[in-house]
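1. sequence plus predicted model, see below.
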Amino acid sequence: MIKIKTTDNSKTMLNLFFEVAENNPERIAIKEGENQYSYLELLNFIENISFSLREKGISSGNKVAVELSHSVELIAALFAIQCVGASYIPIDRRAPKERNRLILDDANPELIINYKDLDIHQGYATSNIYSMINNISNDKIYDQSSLLKVAYIIYTSGTTGRPKAVPITHENLSSLFYVTYPIYNFNEDDITLLYHSYAFDFSVWEIWSVLAYGGKLVIPDEETRTTPYKLAELVKNEKITLLNQTPTSFSINCEYFLKFKPEEFSLRFIIFGGERLNFKSLKNWNNKFGLYSPKLVNMYGITETTVHASWHIIEKDDLEKSESIIGHILPEFDYVIRKQGSNISKIGELLLSGPQVTNGYLNDDKKNNDKFIWLEHNGIIRRYYCSGDLIYNNEKGQLVYYGRCDQQVKINGYRIEIGEVESVLTSYDKVNEILVIPSNSEIVGEHLICIFTSSITEEYVIDNLKELAKKLLPVYMRPLNYRRIDIMPKTINGKIDKEVIMNLMR
């Protein structure tokens, strides 16, 4: 039986991993394809890579970029970097080369770990992961991670077109699991997938939710991960207990899960995050599996506040609502709803303060001044992160996601919240996903376009969407054109790729 202090936020997650690994060396930590790796084998890999990092002069406070595929080598590299007191910067090999170059130029890492012996990134030192992992060391591993050190730096999309660097400390990360452990009761029997790109912080949640508690991380190959029926088979056969999905990904994969009987799965929780969830899209799931085994949880979060900031266990009544409930802010946070414009409005921007909030962006003082403010709330002055997300409290006191502050557009002189239009249209249960975008043409001028996916005939759906808009939206807020597409384009993080759709509409 594994015995660790599962709610001890005085330790880093890496500390907890080493305790579990040293006390349970023969347990399986990772399964990749047909290969299984015990906690002892993973420890040995980490030790060898750590030794190589020290040989190359990597130490506390340094930054190491990692450009690897999903694999046991990737996990070992991420842990080894943190073990020597450095932070890792994920470089997704599927992302555009120009974006990755912008990241490297901004971060200026001391080392890049990849699969090449050659210097493919001019001006940066590189190291072959296989050489590092086979560099046998007789030194005992020494964990130099500490709460105040940076654990990783993830780059998110920036409004200027340049990605923003978000450093997350070990304290930020430890605080996340300290407050979510009572919800999920992470344990040694849990098994989850490394489904998301390690450049997307949902992957951080996936990795630590099992490896810090003695569970098992299953790493699917790319074909299985992106083929819905193969993914459903894998979840069944590997007895996955915790499944993490963006709503966009789940809308595609759900159909294939429904081909199985409920008792064929071992799922305890399906956790949604990363983007707005349309609760009505879960009706088919509820009809076959119900909502309690597994439980479905909608979690709202931002990279700057360490993956998740709120949670809501989905109930049957939610499936009849058009609003996207994000529930309650996690403990240890303090939050403020900063009203926009008139104080009569119940909608406002969400401001968050607490131990999960990043210390600020890397190399961007202007953005730090814009997004982090000091504010007095309930008699205490705190530092808050301005999320840019609009929320409100419903009649039950639950927080509801409304949209983005920057989703406001002006059409023919009227200010329109895109999120409000989408919220109305997603209440129609014959559509799977909806995206509303502004457009402009010489013939009709400024207008809105509604793009949607559905298994129903296009003309039928469009007629019903138009009728719904006519009933619930003023004339100036109604989309002028409606377009059905087979599949919503997705980013490598599993979210709707708005840029691709905008290009399709031109």
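-> All right, it came through fine. Numbers count the residues shown, from 1 in each chain.
2. make it CA atoms for all contacts and neighbour counts henceforth
-> Noted.
3. where does the stretch 251-400 of the chain dip in pLDDT?
-> Where the stretch 251-400 of the chain drops to pLDDT under 70, the residues are 340-345.
4. hey, where'd the strands end up in it?
-> Along the stretch 251-400 of the chain, counting by DSSP state E, counting those that start in this stretch, strands occupy 269-272, 295-298, 310-313, 324-329, 334-339, 348-353, 372-377, 380-393, 399-404.
5. dump those to CSV, plus distance to residue 211 and mean neighbour count.
-> Converted to CSV, these look like this (distance: least, CA to CA, whole Å; neighbours: other CA atoms under 10 Å):
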stretch, distance to residue 211, mean neighbour count
strand 269-272, 17, 20
strand 295-298, 21, 21
strand 310-313, 22, 20
strand 324-329, 25, 23
strand 334-339, 29, 16
strand 348-353, 28, 22
strand 372-377, 33, 14
strand 380-393, 30, 18
strand 399-404, 31, 21
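6. need these in CSV with distance to residue 100, can you?
-> Listed next are the strands of the stretch 251-400 of the chain as CSV, based on distance: least, CA to CA, whole Å:
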stretch, distance to residue 100
strand 269-272, 27
strand 295-298, 31
strand 310-313, 31
strand 324-329, 32
strand 334-339, 34
strand 348-353, 29
strand 372-377, 26
strand 380-393, 25
strand 399-404, 26
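7. quick check: which of those is nearest to residue 458?
-> strand 324-329 (25.1 Å; CA to CA).
8. let me see the contact set for residue 291.
-> Shown in contact with residue 291 (CA atoms under 8 Å, 6 or more residues apart in numbering): 314, 315, 316.
9. ok, and the most crowded of the residues you listed?
-> Tallying neighbours with other CA atoms under 10 Å puts residue 314 at the head of these, with 19 neighbours.
10. how far away is that one from residue 273?
-> Here the criterion is CA to CA, to the nearest Å. By it, residue 314 lies 13 Å from residue 273.
11. who touches both of those two?
-> Common neighbours of residue 314 and residue 273 (criterion: CA under 8 Å, 6+ apart): residue 298.
12. check contacts around the residue nearest to residue 336 when sequence neighbours are not counted.
-> Using CA to CA, 6 or more residues apart in numbering and skipping the chain neighbours, the partner closest in space to residue 336 is residue 351 (5.1 Å). By CA under 8 Å, 6+ apart, the contact set of residue 351 is 335, 336, 337, 338, 384, 385, 386, 387.
13. repeat the analysis, applying 7 Å as the threshold.
-> Contact partners of residue 351, counting by CA atoms under 7 Å, 6 or more residues apart in numbering, are 335, 336, 337, 384, 385, 386, 387.
14. same deal with residue 368?
-> Residue 368 makes contact with 360, 361, according to CA under 7 Å, 6+ apart.
15. that one and residue 200, how far apart?
-> From residue 368 across to residue 200, the span is 21 Å (CA to CA).
16. try residue 16
-> Per CA to CA, residue 16 is found 23 Å from residue 200.
17. so where's the stretch 1-150 of the chain uncertain?
-> Within the stretch 1-150 of the chain, the ranges that satisfy pLDDT under 70 run 1-8, 117-120.
18. which stretches of it form strands?
-> For the stretch 1-150 of the chain, strands defined by DSSP E, counting those that start in this stretch occupy the ranges 28-32, 35-38, 63-66, 87-90, 111-114, 126-128, 150-156.
19. so residue 492: helix, strand or coil?
-> coil (DSSP: H, G, I helix; E, B strand; the rest coil).
20. what's the neighbour count on residue 77?
-> 27.
21. do residue 487 as well
-> 14.
22. residue 38 versus residue 135, what's the distance?
-> In terms of CA to CA, residue 135 sits 19 Å off from residue 38.
23. higher neighbour count, these two?
-> Higher neighbour count among residue 135 and residue 38: residue 38, with 18 against 15, using other CA under 10 Å.
24. for residue 46, see how far away the residue lying closest to the more buried one once chain neighbours are set aside is.
-> Of all residues not flanking residue 38 in the chain, residue 28 sits nearest, at 4.1 Å (CA to CA, 6+ apart). Separation of residue 28 from residue 46 (CA to CA): 15 Å.
25. more neighbours, these two?
-> residue 46 (24 against 20).
26. and the residue nearest the centre of the chain, what is it in contact with?
-> By CA atoms, centre = their mean, the chain has its centre lying nearest to residue 202, at 3.3 Å. The neighbours of residue 202, taking CA under 7 Å, 6+ apart as the test, are 196, 307.
27. returning to what we had before: and of the contacts of residue 351, the nearest to residue 277?
-> Taking CA to CA as the measure, residue 277 lies nearest residue 387 of the contacts of residue 351, at 17.9 Å.
28. report the buried residues of the lengthiest helix in the chain.
-> Assignment by DSSP state H gives helix 39-55 as the longest helix of the chain. For helix 39-55, the neighbour count (16 or more other CA atoms under 10 Å) marks 39-53 as buried.
29. which outside residues touch that helix?
-> 21, 25-29, 76-77, 79-81, 83-84, 132-137, 141.
30. from the chain's centroid, how far away is it?
-> Relative to its parent chain, helix 39-55 has a centroid offset of 28 Å by CA atoms, centre = their mean, to the nearest Å.
31. quick one, it and strand 28-32 angle?
-> Here helix 39-55 points in a direction 80 degrees away from that of strand 28-32 (axes from the mean of the first three to the mean of the last three CA atoms, to 10 degrees).
32. can I get helix 39-55 in CSV, CA atoms only?
-> Extracted in CSV, the C-alpha atoms of helix 39-55 (Å, rounded to 0.1, in the frame of the first residue of the first chain):
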residue,chain,number,x,y,z
TYR,A,39,8.9,3.3,-11.2
LEU,A,40,12.4,2.0,-10.7
GLU,A,41,13.2,2.1,-14.4
LEU,A,42,11.8,5.6,-14.7
LEU,A,43,14.0,6.6,-11.7
ASN,A,44,17.0,5.2,-13.5
PHE,A,45,16.2,7.2,-16.6
ILE,A,46,15.8,10.4,-14.6
GLU,A,47,19.0,9.8,-12.8
ASN,A,48,21.0,9.3,-16.1
ILE,A,49,19.5,12.4,-17.7
SER,A,50,20.1,14.4,-14.5
PHE,A,51,23.7,13.3,-14.6
SER,A,52,24.0,14.4,-18.2
LEU,A,53,22.4,17.8,-17.5
ARG,A,54,24.9,18.4,-14.7
GLU,A,55,27.8,17.4,-17.0
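33. chain center to stretch 398-409: distance?
-> With CA atoms, centre = their mean, you get 18 Å for stretch 398-409.
34. nope, stretch 201-221 is what I meant
-> Centre-to-centre, stretch 201-221 and its host chain are 13 Å apart (CA atoms, centre = their mean).
35. then stretch 429-447?
-> Mean-position distance between stretch 429-447 and its chain equals 27 Å (CA atoms, centre = their mean).
36. use 872 as the first number for this chain going forward.
-> Fine by me, first position is 872 from now on; the one you just mentioned is stretch 1300-1318.
37. report the mean confidence score over it.
-> Average pLDDT, stretch 1300-1318: 83.
38. list the contacts of residue 1287.
-> 1279, 1280, 1281, 1348 are the contacts of residue 1287 under CA under 7 Å, 6+ apart.
39. now name the helix or strand holding it.
-> Here residue 1287, judged by DSSP states H and E, is contained in strand 1285-1288.
40. show the subsequent helix or strand relative to that strand.
-> Later in the chain than strand 1285-1288, the nearest helix or strand by DSSP H and E is helix 1289-1296.
41. now do that following helix against strand 1195-1200, angle only.
-> Helix 1289-1296 runs at 120 degrees relative to strand 1195-1200, counting by the same axes, to 10 degrees.
42. contacts for helix 1289-1296 next, please.
-> 1193, 1194, 1273, 1274, 1278, 1279, 1305, 1306, 1307, 1336, 1340, 1348.
43. just the buried subset of those residues, please.
-> The neighbour count (16+ other CA under 10 Å) marks 1193, 1194, 1273, 1274, 1278, 1305, 1306, 1307, 1336, 1340, 1348 as buried among the contacts of helix 1289-1296.
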